[in-house]
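K.L.:
Predicted model follows, preceded by the sequence.
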Amino acid sequence: DIQMTQSPSSLSASVGDRVTITCRASQSISSYLNWYQRKPGKAPKLLIYAASSLQSGVPSRFSGSGSGTDFTLTISSLQPEDFATYYCQQSSITPPWTFGQGTKVEIK
Amino acid sequence: QVQLVQSGSELKKPGASVKVSCKASGYTFTSYAMNWVRQAPGQGLEWMGWINTNTGNPTYAQGFTGRIVFSLDTSVSTAYLQIYSLKAEDTAVYYCARDSEYSSSSVAFDIWGQGTMVTVSS
């Protein structure tokens, strides 16, 4: 199975900061990588699919990049509603479609 | 609107079974695959498997095979997750999640149910 490793596991940031979260796959997954946001008590929300495609309705301050084994989620200017936990997910044609362990973005 | 509505919280004893439902509305149920994902307390998201809503064919993640069953009732646009021989470690929030079908060679879960808390305790 493909293992997904996110870093950092948590970070503290201020409103307006640029935030970057990385995700590394244990083997190449081309661009088959999704990003989700999860807030306490809420279901996960799809932000980015296929490494860099913005899901409909998601603010443009979210962006994704990368291919192969290394991927990045960037929030260009952190907003109060962005404090949450973010998960990457490998989405290649063959399951299991495993998730990273999550990155918690907290208020500094 | 497009949504998935899951059944309510469950409290079960070890060794019992539980059946969680996920009712879809606002779209053609059989056109989108359904996945099941769980999150144990303090843990990350764990993909459990998926079911082809057109054929009813399930695929289970390793580690769950033999103890869970996915099923459908397409007449009411509902997917089900049944877990047998419950253990304390099965205590988690269980989500159904629709595959967006944006690609024939990839997945992305664009619509999620609100989650069902299953607590296993004696």
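P.N.:
Done, it's in.

K.L.:
who are the neighbours in contact with the spatially most central residue of chain B?
P.N.:
Nearest residue to the geometric centre of chain B (Cα atoms, centre = their mean): B:W36, 3.2 Å. Each residue near B:W36 by Cβ atoms under 8 Å, 6 or more residues apart in numbering or on different chains is listed here: B:47-50, B:68, B:70, B:81, B:94-97. Quick note: C-beta positions are derived from backbone N, CA and C, even for glycine.

K.L.:
Which parts of chain A are strands?
P.N.:
Assigned by DSSP state E, the strands in chain A fall at A:4-7, A:10-13, A:19-25, A:33-38, A:45-49, A:53-54, A:62-67, A:70-75, A:85-90, A:103-107.

K.L.:
Name the residues that touch the second one?
P.N.:
With contacts defined as Cβ under 8 Å, 6+ apart, strand A:10-13 is touched by A:19, A:21, A:78, A:103-108.

K.L.:
cool, and the last one?
P.N.:
Outside strand A:103-107, the residues that touch it by Cβ under 8 Å, 6+ apart are A:6-15, A:19, A:21, A:75, A:78, A:82-87.

K.L.:
Could you list the paired strands of that strand along with their orientation?
P.N.:
Within its sheet, and counting by DSSP bridges, strand A:103-107 is paired with strand A:10-13 (parallel), strand A:85-90 (antiparallel).

K.L.:
buried set for that strand?
P.N.:
A:103, A:105 (16 or more other Cβ atoms under 10 Å in any protein chain shown).

K.L.:
so where is the chain shaky, pLDDT-wise?
P.N.:
All of this refers to chain A. Chain A contains no residues with pLDDT under 70.

K.L.:
Can you look at chain B instead?
P.N.:
In chain B, no residues with pLDDT under 70.

K.L.:
Could you pull out the strands in it for me?
P.N.:
B:3-6, B:10-12, B:18-25, B:34-39, B:45-51, B:58-60, B:68-73, B:78-83, B:92-99, B:109-112, B:116-120.
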